[in-house]
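J.: have a look at this prediction, sequence included:
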Amino acid sequence: MFLNFTEGMEINPEQWERGRYQPTPTIIEAALALYNGHSVSEISRSDASAINLSSTSDAVSNIIEEASKKSKKSICFLTGVPGAGKTLVGLNIATKHSGEDNILHSVYLSGNGPLVDILREALARDKVKRERERGNRLRKSEAMSEVKAFIQNVHQFRDDCLIDPDSPPFEHVAVFDEAQRAWKSTADSKFHASEKRHS
């Protein structure tokens, strides 16, 4: 018998050895699964954190649907330690309400440029592969165009919205991930001034 030096029950080595390895999916694996119609509960481990992710996603979805029914606006803040699943919940909400025909059409926004690039590339490649398996031909540029509408860099989204301030964005649900990277107005002004000098 192994001793467990933390509080709680002793570890049973035979049971532990027979147990299944259930790692949390990488953010790429999770994005692919969610984009292809799977739910958070299907791709998460069946432990307390998975239950929390599902209930959090459900709570945010309920707020979105209630706001839509009552023609109101809502804002939700999701906090947690690194690795708690905030990005996963954000992707789940965005995919749940994706598609132009969905009345709650959503967009997933991130200030993390490399994350946006990697997610877009992975989803576009996967879409091309899946269409090929169905016997359909789809160019990667077409798949990328669809994915770019769903996953956007928050700076690009902001710039697009500023082109015509009187016209609201098409999306009804905006999920901001890594929003702290979006800069405040002073840093933003400096960036645009620098961009104009270099163009």
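T.: Arrived safely, thanks for sending.
J.: ok, the residue positioned nearest the centre of the chain to S141 distance?
T.: Closest to where the C-alpha atoms of the chain average out (C-alpha atoms, centre = their mean) is L91, at 2.2 Å. Remark: distance between L91 and S141 (C-beta to C-beta, to the nearest Å) = 23 Å. In this view, the C-beta of every residue, glycine as well, is placed from N, C-alpha and C.
J.: before we move on, what about K96?
T.: 26 Å.
J.: looking at these two, which is more packed in?
T.: K96 (21 against 9; other C-beta atoms under 10 Å).
J.: pretty sure that one sits against D58.
T.: No: contact criterion C-beta atoms under 8 Å: K96 and D58 do not qualify, at 10.0 Å.
J.: that older thread, from what I see, the residue nearest to the centre of the chain and E29 are in contact.
T.: No: look at L91 against E29 with C-beta under 8 Å: they stay out of range, at 11.2 Å.
J.: ok, the residue lying closest to N153 once chain neighbours are set aside - contacts?
T.: Closest residue to N153 apart from its sequence neighbours, by C-beta to C-beta, 6 or more residues apart in numbering: V116 at 4.9 Å. Under the criterion of C-beta atoms under 8 Å, 6 or more residues apart in numbering, the neighbours of V116 are S110, I151, Q152, N153.
J.: most surrounded residue in the residues you listed?
T.: I151 (27 neighbours).
J.: tell me the spacing between it and E171.
T.: According to C-beta to C-beta, I151 stands 12 Å off from E171.
J.: who touches both of those two?
T.: Common neighbours of I151 and E171 (C-beta under 8 Å, 6+ apart) are V107.
J.: L53 and P25, how far apart?
T.: Taken as C-beta to C-beta, the span from L53 to P25 is 11 Å.
J.: those two - which one has more neighbours?
T.: With neighbours defined as other C-beta under 10 Å, L53 and P25 compare such that L53 has more, 23 against 16.
J.: what helix or strand does that one sit in?
T.: helix 48-69 (DSSP states H and E).
J.: ok, now T95?
T.: Going by DSSP H and E, T95 is part of helix 86-96.
J.: try P165
T.: Applying DSSP H and E as the criterion places P165 outside every helix and strand.
J.: and the host helix or strand of L119, what's buried?
T.: Assigned by DSSP H and E, L119 belongs to helix 113-133. The neighbour-count check on helix 113-133 (16 or more other C-beta atoms under 10 Å) flags L115, V116, L119, R120, A122, L123, A124, D126, K127, V128 as buried.
J.: can you check stretch 67-85 too?
T.: A67, S68, L78, G85.
J.: what's the farthest-apart pair in those residues?
T.: Maximum pairwise distance among these (C-beta to C-beta): 24.6 Å, between S68 and G85.
J.: where does the chain have low pLDDT?
T.: For the chain, the stretches flagged by pLDDT under 70 are 1-9, 21-24, 39-50, 99-101, 179-199.
J.: if we can go back for a sec, immediately after the helix holding T95, which helix or strand?
T.: strand 106-110.
J.: what packs against that next one?
T.: Helices and strands touching strand 106-110, as assessed by 3 or more C-beta pairs under 8 Å, 6 or more residues apart in numbering; DSSP states H and E, comprise helix 86-96, helix 140-150, strand 151-153, helix 154-163, strand 173-177.
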